[in-house]
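K.L.:
Return a 3D structure for these sequence lines:
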Amino acid sequence: MGLGHLLPARAAGQAGPVPEPRGTAKLLPGSTHQVPAAVAHTQTLIDAQRLLEAYVSLRELEQLQEETWGPLGGLELPVFQGLGLLAEALGQAVEAAAGNAGQLAREDPALLVAAVRVAEVEARRTTPLGQAPRDWRQRCLRALQAGLERVYFSTTVLPEPGALAGWLEALQVALPAELAIAEALVAPCCPPHYNVVQLWAHTLHSGLRRTLKRLLEGPELGAADTFALLHWALQVYLGQEMMGSLELGPDADVSQLEPLLTLENIEQLEATFVAKVQASVAQWLQKALDGEVAEWSREQEPKTDPSGFYHSPMPAIVLQILAENIRVTSLVSESLQRRVYGMALSELGTFLRSFNDALIRFSRDHLQGDALAPHYVPYLLAAFNHQSALSSSLSVLQPDGVASGVLVPVETALEELQRRICHLMLEALQVELQPLFASLPSRRWLSSSEMLDSVCEQTSRFCGDFWRVRKPAGQLLLAEAERTVVLLYLHALMQGRLVCRSASERTQAAERLQHDAGQLKELFLGLGLEESVHCSPVLLSLRELLNLHDSTLLGLEVAGLRQQFPDVSEDHVSALLDLRGDVSREQRQAALSSLQAGPPPSPSTGRRALFSLVPAPTPSLTSCLTSGPCS
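P.N.:
The predicted structure is shown next:
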């Protein structure tokens with residue numbers, strides 16, 4: 001009997017009843033002589049991919065075989081021995097058609113429908129006792145998956161270094177297109193319980209996971225490939241640009257799939273990326289610093305911006321290198337961005353320390369005469385602007401949500417760099433001015449302003465370009481320069497080189513101090529220093545001590561001096577009393593005792609340290625710069 005009644009109505013492209021085998025009559029019970037011809041014809045149908053007809057023919061042969069078993073006591077006639085191979089050939093044909101489902105759905109959907117229907121009818125068939133079931137449905141489903149994986153992930157050749165981004169971009173186009181084909185063309189050819197679109201999504205996902213696993217087990221990826229994979233896997237893959245496309249139906253939902261990369265994979269990739277980027281950033285920052293250092297020995301002054309401030313592209317280059325690496329990682333994940341941000345701060349700290357060391361070598365070579373820099377001071381001033389630019393722009397590196405406290409180490413390094421530059425500037429100023437103070441105090445100093453005129457002239461020339469430093473650094477430099485001049489003045493005044501021999505000389509010394517204080521005030525006001533931070537008024541306080549006619553009142557004057565300058569010591573006072581030249585041992589003792597007996601100094605005087613930086617009576621040359629904002 002025929003098997004057409006066993007098959008369901010035909011699907012897309014195959015309307016109408018199941019056809020009977022062409023060119024052969026139905027096999028009737030006892031017609032075993034027709035079996036060889038029927039077997040050959042069935043094989044021809046299989047070869048011609050007429051799968052439904054081949055299945056009908058095969059089942060008729062199998063039914064005839066089953067009908068002969070009974071009379072023969074379960075023995076199998078030799079004529080039926082080829083049916084097992086014939087059935088396997090048909091199963092393989094069904095499997096092959098399912099394996100090419102994507103192509104057949106576009107080019108020959110009838111063949112795909114036939115293969116699926118054969119598998120489904122066979123799955124519903126009751127297998128005779130003693131026979132193993134032919135699980136063609138599972139073979140069909142496995143073939144659907146295997147064929148899909150073969151198309152996209154069968155190659156053992158992984159992307160070459162640098163080519164991973166292109167490979168991922170190709171998948172970004174191909175995989176959604178494949179899902180769309182599955183939804184529009186393959187799914188209508190299959191029963192609903194095949195869940196074709198979901199099967200496609202899971203198969204593509206699993207194949208991609210295995211491929212990426214092999215990729216990560218191979219040689220370590222470069223920075224570009226690592227970034228491309230992290231960005232693609234974490235942001236693109238499940239996004240609307242790809243597997244989460246709104247054009248795909250709900251059956252394509254891949255949100256429940258296990259992550260494409262494991263947490264261990266992500267950790268490994270992030271660590272790899274940060275390490276490789278760190279090495280690259282370190283090279284670029286060193287290159288930027290080397291370029292800046294090379295400028296310091298040029299015959300030309302530093303370049304200036306339109307406002308006249310000394311300028312160099314180095315700070316912008318440094319910030320751009322760091323900021324760009326931090327910004328681009330925001331496209332991947334907050335975790336990676338935080339890692340790169342931490343790396344960037346670490347490298348910036350290293351860069352600042354290298355900058356600091358380079359300045360020390362620059363100063364040493366210049367001051368020792370090993371490599372004189374034609375424009376030593378201007379390039380130090382330019383470095384001040386670089387430090388200011390880096391300090392003021394530090395916040396641009398900070399991603400949203402990151403605590404500002406992480407900046408503390410870099411801020412500390414920037415402050416140290418500022419102190420270093422300032423210290424080098426003042427050291428250079430001190431070297432220039434030190435010889436000029438060799439004649440202070442002296443009788444020539446008493447009668448002439450020549451010495452201080454030279455000091456002011458040299459200081460004015462030295463500080464003449466301070467205006468090219470951006471505020472507030474310019475004010476800091478001026479204030480420290482003025483304090484350095486005053487410290488050198490005090491240093492010289494207490495060396496015991498002059499002892500006044502009369503009241504008239506004490507008057508001359510007091511007038512000279514008053515004159516010098518006014519001259520220094522005029523100098524630094526002209527340079528732009530705010531009067532409220534001047535240190536030169538200390539000379540007026542010393543003038544009062546020298547100009548005091550009644551030596552019995554020295555104790556009161558000394559106590560007043562301590563109120564104004566809490567860091568003044570007995571040694572300082574003793575050196576000043578020596579300068580007067582008229583103080584007895586008892587008067588000296590009484591005056592020094594007033595330092596301890598008087599009221600404690602007011603904590604709100606707001607004066608910066610002066611006397612504590614001038615050890616008396618024989619301070620070393622370097623002691624003037626031992627502490628303070630620039631030390």
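K.L.:
how about the helices of the stretch 151-300 of the chain, start to end?
P.N.:
Under the criterion DSSP state H, counting those that start in this stretch, the stretch 151-300 of the chain contains helices at 164-181, 196-217, 223-231, 263-295.
K.L.:
Could I get those helices in CSV, plus columns for mean pLDDT, distance to residue 80 and mean neighbour count?
P.N.:
Placement of C-beta: from N, CA and C, glycine included. Formatted as CSV, the helices of the stretch 151-300 of the chain follow (pLDDT from 0 to 100; distance: least, C-beta to C-beta, whole Å; neighbours: other C-beta atoms under 10 Å):
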stretch, mean pLDDT, distance to residue 80, mean neighbour count
helix 164-181, 91, 42, 17
helix 196-217, 91, 37, 18
helix 223-231, 95, 57, 22
helix 263-295, 95, 55, 17
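K.L.:
Among those, which comes closest to residue 158?
P.N.:
helix 196-217 (5.3 Å; C-beta to C-beta).
K.L.:
Which strands or helices does that closest one pack on?
P.N.:
If contacts are counted by 3 or more C-beta pairs under 8 Å, 6 or more residues apart in numbering; DSSP states H and E, helix 196-217 sits against helix 136-153, helix 164-181, helix 263-295.
K.L.:
Export it to CSV, keeping only CA atoms.
P.N.:
The C-alpha coordinates for helix 196-217 follow below in CSV (Å, rounded to 0.1, in the frame of the first residue of the first chain):
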residue,chain,number,x,y,z
VAL,A,196,14.6,28.1,13.9
VAL,A,197,15.5,31.7,14.8
GLN,A,198,16.4,30.8,18.3
LEU,A,199,18.4,27.8,17.1
TRP,A,200,20.2,30.1,14.7
ALA,A,201,21.0,32.6,17.4
HIS,A,202,22.3,30.0,19.8
THR,A,203,24.3,28.3,17.2
LEU,A,204,26.0,31.5,16.0
HIS,A,205,26.6,32.5,19.6
SER,A,206,28.1,29.2,20.6
GLY,A,207,30.3,29.1,17.5
LEU,A,208,31.5,32.6,18.1
ARG,A,209,32.3,31.8,21.8
ARG,A,210,34.4,28.8,20.8
THR,A,211,36.3,30.8,18.2
LEU,A,212,37.0,33.6,20.6
LYS,A,213,38.1,31.1,23.2
ARG,A,214,40.7,29.7,20.7
LEU,A,215,41.8,33.2,19.9
LEU,A,216,42.4,34.0,23.5
GLU,A,217,44.3,30.8,24.0
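K.L.:
now it, how far from the centre of its chain.
P.N.:
Helix 196-217 has its C-alpha centroid displaced from the chain centroid by 31 Å (C-alpha atoms, centre = their mean, to the nearest Å).
K.L.:
same deal with stretch 488-502?
P.N.:
Here stretch 488-502 is found 58 Å from its chain centre; the criterion is C-alpha atoms, centre = their mean.
K.L.:
what's that stretch in contact with?
P.N.:
The contact list for stretch 488-502, computed with C-beta atoms under 8 Å, 6 or more residues apart in numbering, reads 430, 433-434, 437-438, 440-443, 445-446, 506, 509, 516, 538-539, 542, 546, 572, 575-576, 578-582, 610-611, 614, 616-619, 623-624.
K.L.:
mind redoing it with 6 Å?
P.N.:
433, 437, 440-442, 506, 509, 575, 578, 580-581, 614, 616-617, 619, 624 (C-beta atoms under 6 Å, 6 or more residues apart in numbering).
K.L.:
What's the PyMOL syntax to select whichever of these are buried?
P.N.:
To isolate the buried members of these in PyMOL, using 16 or more other C-beta atoms under 10 Å:
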select buried, resi 433+437+440+441+506+509+575+578+580+581+614+616+619+624
